[in-house]
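Visitor: Test case, fold it:
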Amino acid sequence: MSSVALLAVVAALAGVLGRWWWRSQEKGSDPSRCDRCGKARVLLDEETEDAHLDEGQRHEERLGTADYHVWWCEACERGTVVRHALESTTRRVACEKCGHDAAQEVTRTVSPATHAQGGEFQVRLSCGGCGHTQRFWRYTPRVRAS
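Guide: Alright, predicted model coming up:
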């Protein structure tokens, strides 16, 4: 085997081993195992898990923007919360104040884009979780000639 081929094999092996080591060092990478004691956790049902979620997380579940799972360690009496984003027909974005995907985005065209100038939109975000509102403008480029 040539030295170049040997070097390529060693580099590939080092990459695989490096990724394996990095993943093994990540805290909480496997929610079904407790990161404190190493014992198996149980996945709580929807009714039981609500006691372990904050109000913003419960609100995201009601809106349908996220689903939270709580993995509970019986030995340590500690849980870990895992968020799963869901597709939604209403555009929801993260709230600047509380951080939950509970802000509804509404846009209004102020001026459409033309060949002479770009367009302008007014954006209003209203968070159903904490009540925070935010207003700002977005701009689009000019319409290009075909």
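
Visitor: Going by C-alpha atoms from here, please, whenever you check contacts or count neighbours.
Guide: Noted.

Visitor: Identify the residue spatially nearest to the residue most central in space within the chain, adjacent ones excluded.
Guide: Per C-alpha atoms, centre = their mean, the C-alpha nearest to the average position across the chain is that of Ala85, at 6.2 Å. Nearest non-adjacent residue to Ala85, counting by C-alpha to C-alpha, 6 or more residues apart in numbering: Ala66, 4.4 Å away.

Visitor: which residues sit in contact with the one you found?
Guide: Glu60, Arg83, His84, Ala85, Leu86, Asp101 (C-alpha atoms under 8 Å, 6 or more residues apart in numbering).

Visitor: Tell me which of the residues you listed fall in strands.
Guide: Per DSSP state E, strands hold the following members of these: Arg83, His84, Ala85.

Visitor: Lowest pLDDT pick from those?
Guide: Lowest pLDDT within the ones in strands among the contacts of Ala66 is found at Ala85 (72).

Visitor: so that one touches His69, yeah?
Guide: No. Ala85 is beyond contact range of His69, at 11.3 Å (criterion: C-alpha atoms under 8 Å).

Visitor: from the contacts of Ala66, which would you call buried?
Guide: The neighbour-count test (16 or more other C-alpha atoms under 10 Å) marks Glu60, Asp101 as buried among the contacts of Ala66.

Visitor: Return the closest of the contacts of Ala66 with respect to Arg36.
Guide: Arg83 (20.3 Å; C-alpha to C-alpha).

Visitor: From Leu125, how far out is the closest one?
Guide: Using C-alpha to C-alpha, to the nearest Å, one obtains 22 Å as the distance from Arg83 to Leu125.

Visitor: ranges for the strands of this structure?
Guide: Applying DSSP E to the chain gives strands spanning 42-43, 66-73, 78-85, 92-93, 103-111, 119-127, 133-140.

Visitor: residues in contact with the fourth one?
Guide: Think strand 92-93. Contacts with strand 92-93, where a contact means C-alpha under 8 Å, 6+ apart, come from Thr65, His100, Asp101, Ala102, Ala103, Gln104, Glu105.

Visitor: try stretch 139-146
Guide: Contact with stretch 139-146 is made by Ala113, Thr114, His115, Ala116, Gln117, Gly118, Gly119, Glu120, Phe121, as judged by C-alpha under 8 Å, 6+ apart.
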